[in-house]
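Chemist: Build me a model from this:
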Amino acid sequence: MSTPQDDSKKKRKSAFSRRGFLQGLGAGTGVLSTGILVEEEAQASPATPVSGPGAVAITLDINGKRYKATVEPRTTLLDTLRNQLDLTGAKRVCDRGACGSCTVLMDDKPVYACSILAIDAQNCKIMTIEGIYPAETLDTLQHAFVENDAQQCGFCTPGFIVAAKSYLDHHPQASAEDFKHGLSGNLCRCGTYMGVRQAVLEAAKNMKGAKNG
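Modeler: Residues are numbered from 1 along each chain as shown. Purely as a prediction, here's the structure:
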């Protein structure tokens, strides 16, 4: 004769076994369907050429010139610029895409060179601060940085100037608040933000006056 306690145990065992069966069936079906999809996608897509793991030859379009380099696929654009091509204007500070000291222009857009693989930059037009300001004399923006004490240690200055010039070129009528937002991707460890903003505003005003004159 079974007791209420025995009946309860049987129910728990029965429920557990049904649940386990359903879970196992679902997992098995998922694995099977996933495997089929992966195989079908592999057959449908063409083979992608693989570079590496050793060093490979690349060609970069930098400041209007063609540069050849041999790099490992993991090498960043920043390391290639500084270590192989002797273009040291872009600075290594955080090396994790957070400070903007390595800012360069890629296809006319500011990017962090430490976050771009050199091998992926081959079909782009890259402009560094050396290409933007090749002359020895200061232009309006650079002069404004000096006059407004917008640099101290100087590590962030090239990145700020590249980003500021790009923003000025695309937003010549920008306000102080616009510049604050537009340059928010660049950090200054010395805290010269007020000087930077004043410099960019002054440069914008002088550029506008030169055009009108």
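
Chemist: Which helix or which strand is home to residue 190?
Modeler: Assessed by DSSP states H and E, residue 190 sits outside every helix and strand.

Chemist: so who does residue 76 touch?
Modeler: For residue 76, the contacting residues are 113, 114, 115, 116, 117, 118, by CB atoms under 8 Å, 6 or more residues apart in numbering. From N, CA and C alone the C-beta is placed, and that goes for glycine too.

Chemist: Now do it against residue 127, distance only.
Modeler: 17 Å (CB to CB, to the nearest Å).

Chemist: Now restrict the contacts of residue 76 to buried residues only.
Modeler: 113, 114, 116, 117, 118 (16 or more other CB atoms under 10 Å).

Chemist: In space, what's closest to the second one - neighbours in sequence excluded?
Modeler: What it means is residue 114. Nearest in space to residue 114, with sequence neighbours left out and distances taken as CB to CB, 6 or more residues apart in numbering, is residue 78 at 4.4 Å.

Chemist: Give me the residues contacting the particular helix or strand that has that neighbour in it.
Modeler: Applying DSSP H and E as the criterion places residue 78 in helix 77-79. Under the criterion CB under 8 Å, 6+ apart, residues 60, 71, 90, 92, 95, 102, 104, 112-114, 116-118, 121, 126 lie in contact with helix 77-79.

Chemist: State the next helix or strand along the chain beyond it.
Modeler: strand 103-106.

Chemist: and residue 154, how many neighbours?
Modeler: Per other CB atoms under 10 Å, the neighbour tally for residue 154 reads 9.

Chemist: which ones are touching the nearest residue to residue 141 once chain neighbours are set aside?
Modeler: With sequence-adjacent residues excluded and distances taken as CB to CB, 6+ apart, residue 141 is closest to residue 203, at 4.3 Å. With contact taken as CB under 8 Å, 6+ apart, residue 203 is in contact with 140, 141, 143, 144, 164, 168.

Chemist: how close does the residue nearest to residue 114 get to residue 97?
Modeler: Remark: distance between residue 78 and residue 97 (CB to CB) = 10 Å.

Chemist: what about those two, which has more around it?
Modeler: The neighbour comparison of residue 78 against residue 97 (other CB under 10 Å) goes to residue 78, with 22 against 14.

Chemist: Going along the chain, name the strands of the protein.
Modeler: 56-62, 65-71, 103-106, 109-112, 125-127 (DSSP state E).

Chemist: State the pair within the contacts of helix 77-79 that is farthest apart.
Modeler: Greatest spacing in the contacts of helix 77-79, by CB to CB: 60 and 95 (19.8 Å).

Chemist: of the two, who's got more company?
Modeler: Using other CB under 10 Å as the criterion, residue 60 and residue 95 rank with residue 60 on top: 24 against 15.

Chemist: end-to-end on stretch 97-107?
Modeler: Start-to-end span of stretch 97-107 (CA to CA, to the nearest Å) is 18 Å.

Chemist: Centre of the chain to that stretch, how far?
Modeler: For stretch 97-107, the distance from its own C-alpha centre to the chain's C-alpha centre is 7 Å (CA atoms, centre = their mean, to the nearest Å).
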